[in-house]
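J.: Got a sequence here, can you model it:
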Amino acid sequence: MGRSLFRKIVDYFVFSSLYLAICAVVMIWQTFRLLLGTTPPGRLLGFVFFATICSYNFHWYLTPRSAEPSYRVVWTHHHKTLHFVLYLTGLVGAGVYFLYLLPWFFALCFAGFLTFLYSAPKLPWPIFRRLQHIAIGKTIFLAFVWVYVTTVLPLIIEGVQWHPSYVLFTASRFFFIYALCIIFDYRDREDDRTQGIKSIITILDDKGIDRVFWASLILFFLTSFALSIYHFPAFYIFLLIIPGFILGGLYRESKRSTSDYLYYILLDGLVMFSGLLMLIFRI
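T.: Next comes the predicted model:
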């Protein structure tokens, strides 16, 4: 009974995207702490938290039944109403915080536009369905959206002059998230093929996908280590690269496994893991 209740709580927390919204908030905190030495404004954290809830519940609400339904997909179809309610809640919450960020209207609208485009091919209108056939770079696109929202947008809002170390950190985060997205797209490639969605992952064979994954992970390590040129403390860099080693170690298992908990708790959680370590060590 206790175990069943605990699993239900975990399912609601993770599959409702509350977990992912917290990941986004921790990533923004890390951007501010690591690059600017400050804490992020609450209005930005609130906006991103609710916007993540809105966008991901919108995405899952529109997700059709899978060719090989997973536990997450089955859960989603049993909780369509919840996804819709959370989508509306996130929309209202993001709208309220948006009013406090009006000076950065265009930067925020650009983020919203990018986020919408990722889910747009799931909408049942021909103009959006056609996006499925031109979404070759959807893996790159998703990684770019996450990096823009959690790294570029905070720097825009702070109005700082771009420094080479900011570029390196942005590139490091991009290559890590891209490698992570490859794993998710590899798992979903049969569904993508069934729906006519073209991407690098549906085009390449397994060896080609392996090469792209490891190339992205190597670039993540190189750009992370390059931060030492700009006097980033070695301990910071060590914390940054820990998720890369974990991701590399899980790569083969993730290609074999269909566990939703592996994907949506452990792998998703890696995006905020170095930030959590910074919080734990209070640096």
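
J.: just checking, next helix/strand downstream of the lowest-mean-pLDDT helix or strand in the chain?
T.: Within the chain, judged by mean pLDDT, DSSP states H and E, the helix or strand with the poorest mean is helix 126-129; its value is a mean of 60. Once the chain leaves helix 126-129, the next helix or strand it forms, by DSSP states H and E, is helix 138-147.

J.: in that next one, what's buried?
T.: Within helix 138-147, the residues that qualify as buried by neighbour count (16 or more other Cβ atoms under 10 Å) are Lys138, Thr139, Ile140, Leu142, Ala143, Phe144, Val145, Trp146, Val147. Quick note: C-beta positions are derived from backbone N, CA and C, even for glycine.

J.: CA-only coordinates of that helix, as PDB, when you get a sec.
T.: Only the C-alpha atoms of helix 138-147 are listed here, as PDB (Å, rounded to 0.1, in the frame of the first residue of the first chain):
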ATOM      1  CA  LYS A 138      14.400  18.900 -34.200                       C
ATOM      2  CA  THR A 139      17.000  17.500 -31.800                       C
ATOM      3  CA  ILE A 140      19.300  20.500 -32.200                       C
ATOM      4  CA  PHE A 141      16.200  22.700 -32.000                       C
ATOM      5  CA  LEU A 142      15.100  21.300 -28.600                       C
ATOM      6  CA  ALA A 143      18.600  21.600 -27.200                       C
ATOM      7  CA  PHE A 144      18.700  25.200 -28.400                       C
ATOM      8  CA  VAL A 145      15.400  26.100 -26.800                       C
ATOM      9  CA  TRP A 146      16.600  24.800 -23.400                       C
ATOM     10  CA  VAL A 147      19.900  26.600 -23.700                       C
END
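
J.: helices or strands next to that helix in the packing?
T.: helix 105-119, helix 164-187, helix 200-203 (3 or more Cβ pairs under 8 Å, 6 or more residues apart in numbering; DSSP states H and E).

J.: what does it contact?
T.: 24, 27, 111, 114-115, 117-118, 135, 170, 173-174, 177-178, 180-182, 185, 197, 199-201, 271 (Cβ atoms under 8 Å, 6 or more residues apart in numbering).

J.: Narrow those residues to those that are buried.
T.: Neighbour counting over the contacts of helix 138-147 (16+ other Cβ under 10 Å) leaves 24, 27, 111, 114-115, 118, 135, 170, 173-174, 177-178, 180-182, 185, 197, 199-201, 271 as the buried ones.

J.: mind checking pLDDT for the residue lying closest to Leu266 once chain neighbours are set aside?
T.: Beyond its immediate neighbours in the sequence, the residue positioned closest to Leu266 (Cβ to Cβ, 6 or more residues apart in numbering) is Leu250, lying 7.3 Å away. Looking at Leu250, its pLDDT stands at 95.

J.: Buried by neighbour count: which residues of the helix or strand that contains Leu250 qualify?
T.: For Leu250, the element it lies in under DSSP H and E is helix 234-256. The neighbour-count check on helix 234-256 (16+ other Cβ under 10 Å) flags Tyr236, Ile237, Leu239, Leu240, Ile241, Pro243, Gly244, Leu247, Gly248, Leu250, Tyr251, Ser254 as buried.
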